[in-house]
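>>> any chance you could fold what I've pasted below:
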Amino acid sequence: MKFWAGFFTGILVCIILLVGYIVLIIDKFENMRGDDLPELHRADSLHKTDFQLQLHELRTDSILDNAVFRDKVVVLNFWEYWCEPCKAEMPGLERLYNSVKDDSVVFAFITTDQVDSVRRSPVVSRHSLPYFYSNTVLPGHFQGQFVPRTYIMNKRGEILVMEDGSRKWDDPSVLHFLDSLKKL
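The predicted structure is shown next:
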């Protein structure tokens, strides 16, 4: 009898732990969708970048001159055409991009996918954003395991925000944050 009581207690504990784990996973997934207002994750330490990126414009294949990043607030978004969270955040990013429309802020939406696949993607035709691709290895501070990945840098080239996962980028707090960086 003791054996069965211990056995069923063990199963009950396992079920409770499994349900708790599932709830944690669901909560993490919900947070990745960006339904909540963005709480921008400040970089733990300032990473200064020299913007030695080899970027090609997706539609024309023209090479982007890295000088365009100098003395500008920069928003880099790394995405892939097959990524559902990337697709989910694109409308908000486009609204943010259209709201800013300022020469002191540069946006670049960068993919490392196969260029032909990306060009055929409905994401590219649906949104009029400055899309780029890179055929080279990205500098270490822009490498990551997840997409979407977004970085916001000040005019000195210091990475202030590093976000993994989808966010609500058209929130007024993000626009206010970018405005405050333009004034520095």
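
>>> now do the buried residues in the strand or helix carrying Leu160.
Assessed by DSSP states H and E, Leu160 sits inside strand 158-164. The neighbour-count check on strand 158-164 (16 or more other Cβ atoms under 10 Å) flags Ile159, Leu160, Val161, Met162, Glu163, Asp164 as buried. All C-beta spots, glycine's among them, are computed from the backbone N, C-alpha and C.

>>> wait, doesn't the third one sit right on Arg149?
No. In terms of Cβ atoms under 8 Å, Val161 does not count as a neighbour of Arg149; the distance is 11.0 Å.

>>> the lowest-mean-pLDDT helix or strand in the chain: what's the following helix or strand?
The helix or strand of the chain with the lowest confidence, counting by mean pLDDT, DSSP states H and E, is strand 42-48 at a mean of 59. Next helix or strand after strand 42-48 toward the C-terminus (DSSP H and E): strand 56-57.

>>> can you name every helix or strand that that next one contacts?
Strand 56-57 is packed against strand 131-133, with contacts defined by 3 or more Cβ pairs under 8 Å, 6 or more residues apart in numbering; DSSP states H and E.

>>> quick one: strands adjacent to the strand it packs on?
strand 56-57 (antiparallel), strand 105-111 (parallel) (DSSP bridges).

>>> will you turn those into JSON lines that also has distance to Asn98, mean pLDDT and mean neighbour count?
As requested, the strands paired with strand 131-133 are exported to JSON lines (distance: least, Cβ to Cβ, whole Å; pLDDT from 0 to 100; neighbours: other Cβ atoms under 10 Å):
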{"stretch": "strand 56-57", "distance to Asn98": "19", "mean pLDDT": "92", "mean neighbour count": "16"}
{"stretch": "strand 105-111", "distance to Asn98": "10", "mean pLDDT": "94", "mean neighbour count": "21"}
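
>>> which residues of the protein score low on pLDDT?
13-14, 17-47, 50-51 (pLDDT under 70).

>>> next one: the residue positioned nearest the centre of it from Asp61, what distance?
With distances taken as Cα atoms, centre = their mean, Arg149 lies nearest the centre of the chain, 2.6 Å away. Note on Arg149: its distance to Asp61, by Cβ to Cβ, to the nearest Å, is 24 Å.

>>> and Gly157, by the same measure?
Gly157 is 26 Å from Asp61, by Cβ to Cβ.

>>> what about those two, which has more around it?
Gly157 (17 against 9; other Cβ atoms under 10 Å).

>>> what is the burial count for the residue found closest to the more buried one once you drop the neighbours it is linked to in the chain?
The spatial neighbour of Gly157 that comes closest, neighbours along the chain excluded (Cβ to Cβ, 6 or more residues apart in numbering), is Thr49 at 5.0 Å. A count of neighbours around Thr49, defined by other Cβ under 10 Å, yields 19.
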